[in-house]
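K.L.:
take this sequence and fold it.
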Amino acid sequence: MKAEPTRRTVLASGAGLAGGLAGSLALGGCGEAPLAGTLPGTLGGADWQRGHLLRDGKLPEPTGAVEEAGLVIAGGGVAGLAAGWRLAEAGLADFTLFELEDRVGGNARSGRNAVSAYPLGAHYLPVPNREARALRHMLGQFGMIVGEDANGAPRYDPYQLCADLEERLLWRGRWQEGLFPSGGLPSAELRQRAMFEARMAQYRALVGEDGRPAFAIPMALSSADADLRALDALDFAAWLDREGFTAPSLRAYLRYCCRDDYGSEPEHVSAWAGIHYFAARRGWASGEDGDRELTWPEGNGRLVQRMAQRIAPHLTPAHSVFAIRPGADGRPLIDVFDHAARRSRRLRARAVIVAMPHFVAARVAPAFAKAGAMAYAPWVVANVTVDRPPRGPGTPLAWDNVSHASESLGYVVATHQSQSADGGPTVLTWYLPLSRETPKAARKILMTRTLAQWQAMVRDDLLTMNPDLDGAIRRIDVWRWGHPMIRPSPGFLTEPARLAAEAARPPVVFANSDMSGLSLFEEAHYRGVLAAEASLRHLGHPFQSLA
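P.N.:
The predicted structure follows:
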């Protein structure tokens with residue numbers, strides 16, 4: 001473990017996280033919070049209306065003759081864009097990417113206002129592991145890797161790495177540097193945390209009998225040893241109980257970690273995934289940069305925008321792929337609805353990459369995708385425009401700012417990388433995983449709460465953390481995610497639908513982070529690259545593998 005924990009390692013008191021702002025952040029009661037005055041803002045999210053047209057089978061049958069197509073990518077999230085990027089890298093020109101939304105990017109999309117660009121979802125990328133070859137190749141193309149040291153380790157452009165100060169924690173009324181409380185914890189709890197860190201360090205260094213690291217990113221490169229995979233049979237909370245990791249402060253810390261990366265409570269996360277969170281990251285970079293993060297004002301929107309620019313002629317947004325079926329001649333038939341023209345057409349393709357979340361893929365391509373019991377974690381992201389940066393007693397403003405007493409995950413400062421702390425306006429991106437409710441109940445809440453109710457919740461949480469912002473909040477834009485992250489529930493490693501998607505072969509293959517069970521940029525990128533290379537082989541197009 002790092003000597004100075006990052007965003008991924010915030011430690012808060014059990015009472016603080018469990019209670020904290022229960023009144024304003026409790027999902028069932030958020031409708032009771034009135035907003036004093038009307039703030040400008042928008043209530044946005046993934047286009048559920050288009051999604052429900054597909055779900056309910058209400059899209060019209062194709063008209064006209066069947067059209068011939070080369071390779072089709074169905075879905076324009078990170079995995080679909082990565083597949084398109086890889087095809088373009090190999091020199092394949094005959095492919096089209098269809099995306100239901102008006103913009104590609106999936107949950108890495110971003111927004112912008114007069115003050116700054118800002119993320120709508122994923123907002124950083126940890127420095128990749130040595131095994132993430134294709135991702136490092138792409139980062140080099142984008143100018144984010146600028147060379148290598150004498151040992152061959154990549155050198156990252158320092159302006160792409162998170163600037164100081166990286167993080168601070170509101171602990172007992174004062175902001176402190178880092179996300180680990182600097183005092184006030186019993187020595188017994190500190191010893192238990194040290195024991196946990198030591199155990200995770202052992203897992204991080206462990207190599208399985210098959211010669212693979214016990215835990216890797218991409219996760220498909222992890223060891224398949226039976227004793228390690230057996231961890232997937234337990235939930236993370238049960239594993240912690242079994243191993244004696246019961247200190248309230250440690251359990252609160254681990255709850256934060258599960259909600260941060262998986263949007264889920266520890267009892268809903270596989271023990272294998274829980275350990276993977278700590279044991280899989282071994283960022284490879286020159287100097288001390290392996291433990292750092294790449295981030296931008298728009299978050300991972302910077303990465304998807306660069307991928308989209310690379311394949312811009314191939315992008316066809318506002319088109320729903322709603323059926324994929326085998327053709328009589330072995331080539332797949334694809335039905336696509338054009339939302340602008342309000343008509344459907346049928347394509348006969350040489351190959352298809354289905355880069356959709358699995359619950360959509362199983363509906364669209366039932367002949368190829370096995371239905372599964374996968375669950376998805378809902379989130380709310382709010383971008384709050386303020387007249388001045390937050391202050392508060394103690395450590396000055398950081399990129400990532402977390403309160404030990406909040407049910408939210410705090411906020412990141414969108415302008416952290418783009419301007420100095422000059423006291424001018426900025427945008428704070430605030431995150432809340434809806435993990436206490438079942439996903440179904442949380443999605444119902446997403447759809448029934450008004451903009452004013454969400455704004456009141458966000459405002460109250462921010463003002464509890466930063467009373468100095470009273471009177472400085474100018475607008476709150478709220479973005480709702482109903483199905484953004486797969487939950488790595490116990491048993492996900494042996495989930496038949498996941499294994500069937502991994503085993504699929506052209507002409508129809510799959511590409512989505514759902515196949516990894518981990519909603520990480522690295523996983524989606526890897527799955528997209530694998531699907532693209534499998535399709536290139538099928539088409540007989542020459543390439544040198546990056547996977």
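
K.L.:
can we go C-alpha only for contacts and neighbour counts from here?
P.N.:
Fine.

K.L.:
you'd agree Asp261 is in a helix?
P.N.:
Yes. Assessed with DSSP: H, G, I helix; E, B strand; the rest coil, Asp261 lies in a helix.

K.L.:
how many residues are close by it?
P.N.:
By other C-alpha atoms under 10 Å, 18 other residues sit near Asp261.

K.L.:
residues in contact with it?
P.N.:
Counting by C-alpha atoms under 8 Å, 6 or more residues apart in numbering, Asp261 touches Tyr277, Ser519, Leu520.

K.L.:
helices of the stretch 101-250 of the chain, start to end?
P.N.:
Assignment of helices within the stretch 101-250 of the chain using DSSP state H, counting those that start in this stretch yields the ranges 133-141, 187-205, 226-229, 236-243, 248-262.

K.L.:
for these, which one ends up most surrounded?
P.N.:
For these, the largest average neighbour count (mean count of other C-alpha atoms under 10 Å) is found in helix 248-262, namely a mean of 22.

K.L.:
ok, and the most crowded of the contacts of Asp261?
P.N.:
Ranked by the number of neighbours (other C-alpha under 10 Å), the contacts of Asp261 place Ser519 first, at 23 neighbours.

K.L.:
give me phi/psi at that one?
P.N.:
Note on Ser519: backbone dihedrals following degrees, to the nearest 10 are phi -90, psi 70.

K.L.:
so how far is Pro484 from it?
P.N.:
The gap separating Ser519 from Pro484 is 8 Å, by C-alpha to C-alpha, to the nearest Å.

K.L.:
point out where the stretch 301-450 of the chain drops to low pLDDT.
P.N.:
The stretch 301-450 of the chain contains residues with pLDDT under 70 at 420-422.

K.L.:
Phe510 is in contact with Ala504, correct?
P.N.:
Yes. With contact defined as C-alpha atoms under 8 Å, Ala504 counts as touching Phe510 (7.1 Å).

K.L.:
tilt between the one helix or strand Ala534 maps to and helix 133-141?
P.N.:
Element membership for Ala534, per DSSP states H and E: helix 521-539. With axes from the mean of the first three to the mean of the last three C-alpha atoms, to 10 degrees defining the directions, helix 521-539 sits at 100 degrees from helix 133-141.

K.L.:
buried ones in helix 521-539?
P.N.:
For helix 521-539, a neighbour-count test (16 or more other C-alpha atoms under 10 Å) marks 521-536, 539 as buried.

K.L.:
average pLDDT for the longest strand seen in the chain?
P.N.:
Counting residues, the longest strand found in the chain (DSSP state E) is strand 473-486. The predicted model gives strand 473-486 an average pLDDT of 96.

K.L.:
which strands or helices does that strand pack on?
P.N.:
With contacts taken as 3 or more C-alpha pairs under 8 Å, 6 or more residues apart in numbering; DSSP states H and E, strand 473-486 sits against strand 43-45, strand 376-386, helix 439-448, helix 451-465.

K.L.:
go again using 6 Å as the cut-off
P.N.:
Helices and strands touching strand 473-486, by 3 or more C-alpha pairs under 6 Å, 6 or more residues apart in numbering; DSSP states H and E, are strand 43-45, strand 376-386.

K.L.:
using a markdown table, please lay out the ones you listed together with mean neighbour count and distance to Glu177.
P.N.:
As requested, these are arranged in a markdown table below (neighbours: other C-alpha atoms under 10 Å; distance: least, C-alpha to C-alpha, whole Å):
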| stretch | mean neighbour count | distance to Glu177 |
| --- | --- | --- |
| strand 43-45 | 16 | 33 |
| strand 376-386 | 25 | 23 |
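
K.L.:
right, so of these, which gets closest to Leu206?
P.N.:
Closest to Leu206 of these is strand 376-386 (C-alpha to C-alpha; 30.3 Å).

K.L.:
so what touches the next helix or strand after the closest one?
P.N.:
Sequence-wise, the next helix or strand downstream of strand 376-386 (DSSP H and E) is strand 400-403. With contact meaning C-alpha atoms under 6 Å, 6 or more residues apart in numbering, strand 400-403 is reached by Glu167, Arg168, Leu169, Leu170, Gly410, Tyr411, Val412.

K.L.:
so which of the residues you listed belong to strands?
P.N.:
Counted as lying in strands by DSSP E, out of those, are Glu167, Arg168, Leu169, Leu170, Tyr411, Val412.

K.L.:
which of those lies closest to Leu240?
P.N.:
Lowest distance from Leu240 to the ones in strands among the contacts of strand 400-403 (C-alpha to C-alpha) belongs to Leu169, with 24.9 Å.

K.L.:
that closest one contacts Pro181, correct?
P.N.:
No. Checked against C-alpha atoms under 6 Å, the pair Leu169 and Pro181 is beyond contact range at 7.5 Å.

K.L.:
which one's more surrounded, these two?
P.N.:
The neighbour comparison of Leu169 against Pro181 (other C-alpha under 10 Å) goes to Leu169, with 29 against 21.

K.L.:
contacting residues around that one?
P.N.:
By C-alpha under 6 Å, 6+ apart, the contact set of Leu169 is Trp175, Gln176, Leu179, Val402, Ser403.

K.L.:
average pLDDT for stretch 135-150?
P.N.:
Averaged across stretch 135-150, the pLDDT comes to 97.

K.L.:
report the separation between Arg388 and Ala472.
P.N.:
Counting by C-alpha to C-alpha, the gap from Arg388 to Ala472 is 7 Å.

K.L.:
between those two, which one's more packed in?
P.N.:
It is Arg388, of Arg388 and Ala472, that has more neighbours when counted by other C-alpha under 10 Å, with 17 against 14.

K.L.:
residue contacts, that one?
P.N.:
Arg388 neighbours (C-alpha under 6 Å, 6+ apart): Gly423, Gly424, Pro425.

K.L.:
ditto for Ala351
P.N.:
If a contact means C-alpha under 6 Å, 6+ apart, then Ala351 has Leu71, Pro507, Val508 as its contacts.

K.L.:
out of these, flag the one nearest to Met457.
P.N.:
Nearest to Met457 out of the contacts of Ala351 is Val508 (C-alpha to C-alpha; 44.3 Å).

K.L.:
dump the residue contacts of the closest one.
P.N.:
The contact partners of Val508, taken as C-alpha under 6 Å, 6+ apart, are Ala351, Val352, Ile353.

K.L.:
once you drop chain neighbours, what's closest to it?
P.N.:
Excluding its sequence neighbours, the residue lying closest to Val508 (C-alpha to C-alpha, 6 or more residues apart in numbering) is Val352, at 4.8 Å.

K.L.:
what angle do the one helix or strand that neighbour maps to and helix 521-539 make?
P.N.:
Taking DSSP H and E as the criterion, Val352 maps to strand 343-354. In terms of direction (the same axes, to 10 degrees), strand 343-354 departs from helix 521-539 by 100 degrees.

K.L.:
I am finished for the moment; much appreciated.
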